[in-house]
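Asks: Following is a predicted model, sequence given first.
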Amino acid sequence: MLFSITTTHQPATDLGYLLHKHPDKLQTFKLSFGKAHVFYPEVSDKRCTASLLLDVDPIKLSRGGKNRHVSFALQPYVNDRPYVASSFLSVAIAQVYGSALNGRCKDQPHLVDQPLPLEAHLSAVSVDGGPELVRRLFDPLGYEVEVTQIELDPHFPEWGQGHLYTLTLKNRVPLQALLNHLYVLIPVLDGDKHYWVGEDEIDKLLKRGEDWLDTHPARQEIVSRSLKHRRHLMQQALAQLLEEDAEDSEAEDAPEEQTETTLGLHQLRLQTVAETIKASGAQSVLDLGCGEGKLLRLLLQEQQFNQILGMDVSHRSLQNAQERLRLEEMPSRQRERIRLKHGSLMYRDEALSGYDAAAVAEVIEHLDADRLKAFEKVLFKYARPKMIVITTPNSEYNVIWPELSAGQFRHPDHRFEWSRAEFQNWATQIASENGYSVRFANLGPEAAEVGSPSQMGVFER
Ligand code: SAH
């Protein structure tokens, strides 16, 4: 598998400084799954090409027992991994071109941020999604894309085309940007990863996607394919991205924020939630999916609540909550009333047991509909507070907002928005399954026929 970078920046040999690889040398690097050779097939002041030949060793790969998903006995030995760009290439880029990937260039530091005319050529890329996927991923980043499908075997044209493509990607960007784009997007094209996807994968993705992923129109697809086998990781990553987004675009294009802040709707909703819980006599309360702590602030104002736990899947939200609530500066008696915890509503957690009440304000619509069952169990079966207050947008009201076109959600991360009937059916069902009663209320100004912007279900047992 050959990956070449060409530049026509003058002097083109600057590429050698940026990659930390001398144009006159052939260098070989040992990797855990084979070898990478770096050499320059073309070197002049006008044009310079650095090539990375990735020589994946299928025998090495087959050792280590990570081949649980083989479909035939020889698959660990006979497969396309040595010949195609996949997540192996990303690992090779990180190991062989690590300095360039991280934007370090000690000899010519001014080149690091400089957009250069660059062309990346990948001899064979496994693409699960055709040329459209390639364009969806690279067009928004400004690449001029050439995609050529490779015949399975030129001697047997009747065998047709495979899923492999030759890619040429041209752009005027800093080399670091090009490498980061490829690092993230090549495994996305392939739709598979050779190594176990773990927690640190999110950090890698966010680090490599810094500056571009949160505004990429296909970011959801990119995150989901990057973290393919671990759904909770994906949600965590999206939640983190989303937050960055919300912060960046608060004034411009976050429809939820814009439409709703003019009405003070969000604050009103949270006040109603806090009052409902207070009226139940609860002393200990959970705020699940607490975000940046707006409800926590209201709960803290009520001395009745002596134990408050805010939980969120997003580290950044929790950090913001900690800062906004000034937890560090709080007198210790106040401080002892509140705790923040990182966690997901998808997983059973002992720490959520024993509370009088729980609020889940504008959170469920961020959960994948097919994962709601897990959430129901975590909250209604295991945590089982005496009162649960859930709020969620009322989709019927969306017609009132002219900036939302038909069928569009209020926020890009919403997985669904329910009508009143849909919410009430769902809520009635889980209430009866788990021994709760439930009542409903409209939240916000009411309009004829369509109800209020948001809706609340109050569950009690
Ligand atoms: N309740 C807050 C924030 C609502 S935004 C308020 O009303 O202001 C939705 C929040 O749900 C985000 O902070 C997001 O990080 C969080 N969230 C999304 N999925 C989650 C999950 N699986 N577990 C816990 N929190 C989650």
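Replies: Received the coordinates, thanks.
Asks: Find the helix or strand that residue 145 is a member of.
Replies: Using DSSP states H and E, the element containing residue 145 is strand 144-151.
Asks: where do the strands sit along this protein?
Replies: Secondary structure of the chain, counting by DSSP state E: strands at 2-7, 27-31, 34-43, 48-56, 116-126, 144-151, 161-173, 284-288, 307-312, 338-342, 357-361, 387-393, 437-443, 454-460.
Asks: Low-confidence regions, the chain specifically.
Replies: The chain contains residues with pLDDT under 70 at 58-83, 85, 191-200, 228-264, 401-406.
Asks: Walk me through the domains of it.
Replies: Taking automatic domain parsing as the domain assignment, the ranges for the chain are 2-196, 255-460.
Asks: Format those domains as JSON lines; extra columns: mean neighbour count and distance to residue 227.
Replies: For glycine as for every other residue, the C-beta is placed from the backbone atoms N, C-alpha and C. Formatted as JSON lines, the domains of the chain follow (neighbours: other CB atoms under 10 Å; distance: least, CB to CB, whole Å):
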{"stretch": "domain 2-196", "mean neighbour count": "17", "distance to residue 227": "9"}
{"stretch": "domain 255-460", "mean neighbour count": "18", "distance to residue 227": "13"}
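Asks: Next up, phi/psi of the residue of the chain positioned farthest from its centre, please.
Replies: Computed with CA atoms, centre = their mean, the residue of the chain farthest from its C-alpha average is residue 155, at 43.0 Å. Residue 155 adopts backbone torsions of phi -80, psi -20, taken as degrees, to the nearest 10.
Asks: among the domains of the chain, which is nearest the ligand?
Replies: Comparing these against the ligand with CB to the nearest ligand atom, the closest turns out to be domain 255-460 (2.8 Å).
Asks: measure the residue lying closest to residue 393 once chain neighbours are set aside to residue 453 for me?
Replies: Sequence neighbours aside, residue 417 is the residue nearest to residue 393 in space, at 4.9 Å (criterion: CB to CB, 6 or more residues apart in numbering). According to CB to CB, to the nearest Å, residue 417 and residue 453 sit 11 Å apart.
Asks: Can you name the residues of the stretch 201-350 of the chain that neighbour the ligand?
Replies: Within the stretch 201-350 of the chain, the positions near the ligand by CB under 6 Å from any ligand atom are 235, 239, 270, 289-291, 294-295, 312-314, 317, 344-346.
Asks: Nearest to residue 8, out of those residues: which one, please.
Replies: Proximity to residue 8 was ranked across those by CB to CB; first place goes to residue 239, at 41.5 Å.
Asks: got the contact list for the residue nearest to residue 393?
Replies: When contacts are counted by CB atoms under 8 Å, 6 or more residues apart in numbering, residue 417 touches 365, 392-395, 398, 409-410.
Asks: redo that, cut-off 10 Å
Replies: By CB atoms under 10 Å, 6 or more residues apart in numbering, the contact list for residue 417 reads 365, 392-398, 407-411, 423.
Asks: which ones among those residues are found in helices?
Replies: With helices defined by DSSP state H, the entries of the contacts of residue 417 inside them are residue 423.
Asks: farthest-separated two in the contacts of residue 417?
Replies: For the contacts of residue 417, the farthest-apart pair by CB to CB is 408 and 423; their separation is 18.7 Å.
Asks: quick one on the thing from earlier: tell me which of the domains of the chain sits nearest to residue 226.
Replies: Nearest of the domains of the chain to residue 226, taken as CB to CB: domain 2-196 at 5.8 Å.
Asks: Residue 410 versus the residue nearest to residue 393, what's the distance?
Replies: Between residue 417 and residue 410 the distance is 7 Å, computed by CB to CB.
Asks: Show me the common contact partners of these two, please.
Replies: Contact criterion CB under 10 Å, 6+ apart; residues shared by residue 417 and residue 410: 365, 393, 395, 397-398.
Asks: Turn these into JSON lines, columns for distance to the ligand.
Replies: Listed next are the shared contacts of residue 417 and residue 410 as JSON lines, based on distance: CB to the nearest ligand atom, whole Å:
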{"residue": "365", "distance to the ligand": "8"}
{"residue": "393", "distance to the ligand": "11"}
{"residue": "395", "distance to the ligand": "17"}
{"residue": "397", "distance to the ligand": "17"}
{"residue": "398", "distance to the ligand": "18"}
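Asks: Pull the distance from stretch 372-379 to the chain's centre.
Replies: Taking CA atoms, centre = their mean, to the nearest Å, one finds the center of stretch 372-379 at 22 Å from the center of the full chain.
Asks: Establish whether it and the ligand are in contact.
Replies: No: if you take CB under 6 Å from any ligand atom as the test, stretch 372-379 misses the ligand, and the best it gets is 7.3 Å.
Asks: got the contact list for that stretch?
Replies: Residues outside stretch 372-379 that contact it (CB under 10 Å, 6+ apart) are 231-232, 286, 288-289, 343-349, 352, 358, 360, 363-364, 367-368, 383, 385, 388, 390, 415-416, 426, 429-430, 433-434, 459.
Asks: Repeat the analysis, applying 8 Å as the threshold.
Replies: With CB under 8 Å, 6+ apart, stretch 372-379 has contacts from 288, 345-349, 352, 358, 360, 364, 367, 385, 388, 426, 430, 433-434.
Asks: ok, now stretch 271-283?
Replies: Outside of stretch 271-283, the residues within contact range by CB under 8 Å, 6+ apart are 285, 295, 298-299, 302, 304-307, 355-357, 359, 361, 385-387, 389, 391, 441, 443, 456, 458, 460.
Asks: distance of the closest residue to residue 291 other than its chain neighbours from residue 147?
Replies: Spatial nearest neighbour of residue 291, excluding adjacent residues (CB to CB, 6+ apart): residue 317 at 5.0 Å. According to CB to CB, residue 317 and residue 147 sit 39 Å apart.
Asks: Please list all residues in contact with the residue nearest to residue 141 when sequence neighbours are not counted.
Replies: Leaving aside its chain neighbours, residue 141 sits nearest to residue 181 (5.8 Å; criterion: CB to CB, 6+ apart). Residue 181 makes contacts with 138, 141, 143, 173, 212, as judged by CB under 8 Å, 6+ apart.
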